[in-house]
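A.B. asks: predicted coordinates and the sequence they were generated for:
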Amino acid sequence: MAIASCIWIGIEYLATDIAVGAVGSHRRSRQVFCGRLAALQNLRTAVNEQLVAAEPGDPEPEWHDADASTIIGAGLLSDLVRQRSPVEEVILVLPPWDAAHHAVSREAPSKAPLEAPLEAPLAVPLEVTLDHARGFIERIAMSSAAARAVMSPPESIGMTILSQTMAARTALGAGLKALTETWVHVEQSSWLDQRLQLNVMHSAEWLSERAVRKC
């Protein structure tokens, strides 16, 4: 029987301890980590160290450089999910609710204080705001469509959206958080009709739930 896969999308936003815990609690599943790998060397090292304690026959995790926020990356991810069937679960790791700020404050750099407080309002260009909102929504839509296309209960659990623990601090962030939660609430019934789960939760909640399930 083929080994079921757990597909992780957006691991650039995944905490190292959650990745390590996922590998430890999913010994019999193939963990497929997808995202922007360039800045994830520490995470990959920590996961590989976890494999030292692996038992013979345990599948090693896969790493794929696929950015869900780009058209090319989204296409690669859709193909990858289909190629790794049977799929046990698709886990989408969301970016922060708020768009990334500029590194400089609204003041001219020469006039900015040397020790400005972290709460100081920072400029967010309109194009950054629009790109963040568009990419955020496209990430959810693409991941859910790819997940539903390959789910086959009872082998498949469904899809879990892992949200960031930090609260939204802008109107855009609050709106994206509300949109995500509302979308999941509305979509859950159709997933349940197919005997599949669709949830949004924090990473620690997901890891705790999966640990109990594996006991």
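C.D. replies: Thanks, I have the structure now.

A.B. asks: low-confidence ranges in the protein?
C.D. replies: 1-2, 25-27, 52-57, 102-122, 211-215 (pLDDT under 70).

A.B. asks: from residue 36, how far out is the spatially most central residue of it?
C.D. replies: Computing the C-alpha centroid of the chain and ranking residues by Cα atoms, centre = their mean puts residue 93 first, at 1.3 Å. Taking Cβ to Cβ, to the nearest Å as the measure, residue 93 falls 12 Å from residue 36. C-beta: built from backbone N, CA, C; applies to glycine.

A.B. asks: so what sits against both of those two?
C.D. replies: Common contacts of residue 93 and residue 36 (Cβ atoms under 8 Å, 6 or more residues apart in numbering): residue 12.

A.B. asks: tell me the contacts of the residue nearest to the centre of the chain?
C.D. replies: Neighbouring residues of residue 93 by Cβ under 8 Å, 6+ apart: 8, 9, 10, 11, 12, 13, 14, 35, 162, 203.

A.B. asks: for it, grab phi and psi.
C.D. replies: Taking degrees, to the nearest 10, you get phi -100, psi 110 for the backbone angles of residue 93.

A.B. asks: spatially nearest residue to it (excluding sequence neighbours)?
C.D. replies: residue 10 (4.0 Å; Cβ to Cβ, 6 or more residues apart in numbering).

A.B. asks: isn't that neighbour right up against residue 92?
C.D. replies: Yes - in this structure, residue 10 is within contact of residue 92 by Cβ atoms under 8 Å, at 6.0 Å.

A.B. asks: now do the shared contacts for the two.
C.D. replies: In contact with both residue 10 and residue 92: 68, 139, using Cβ under 8 Å, 6+ apart.

A.B. asks: show me the strands in this structure, by range?
C.D. replies: With strands called from DSSP state E, the chain shows them at 5-9, 30-35, 62-65, 87-93, 158-163, 197-202.

A.B. asks: would CSV of those strands with distance to residue 47 be doable?
C.D. replies: Formatted as CSV, the strands of the chain follow (distance: least, Cβ to Cβ, whole Å):
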stretch, distance to residue 47
strand 5-9, 11
strand 30-35, 8
strand 62-65, 9
strand 87-93, 14
strand 158-163, 16
strand 197-202, 20
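
A.B. asks: most tightly surrounded among these?
C.D. replies: strand 5-9 (a mean of 26; mean count of other Cβ atoms under 10 Å).

A.B. asks: roughly how far does the residue nearest to the centre of the chain sit from residue 28?
C.D. replies: Relative to residue 28, and taking Cβ to Cβ, residue 93 is found at 22 Å.

A.B. asks: same thing with residue 193?
C.D. replies: Distance from residue 193 to residue 28, by Cβ to Cβ: 28 Å.

A.B. asks: between those two, which has more neighbouring residues?
C.D. replies: Between residue 193 and residue 28, counted using other Cβ atoms under 10 Å, residue 28 has the larger neighbour count: 12 against 8.

A.B. asks: wait, that one touches residue 58, no?
C.D. replies: Yes - contact status for residue 28 versus residue 58: in contact at 7.5 Å, counting by Cβ under 8 Å.

A.B. asks: report all helices and strands that the top helix by length along the chain contacts.
C.D. replies: Secondary structure assigned by DSSP state H gives helix 126-150 as the longest helix of the chain. In terms of contacts (3 or more Cβ pairs under 8 Å, 6 or more residues apart in numbering; DSSP states H and E), helix 126-150 is packed against strand 5-9, helix 71-83, strand 87-93, strand 158-163, helix 171-193.
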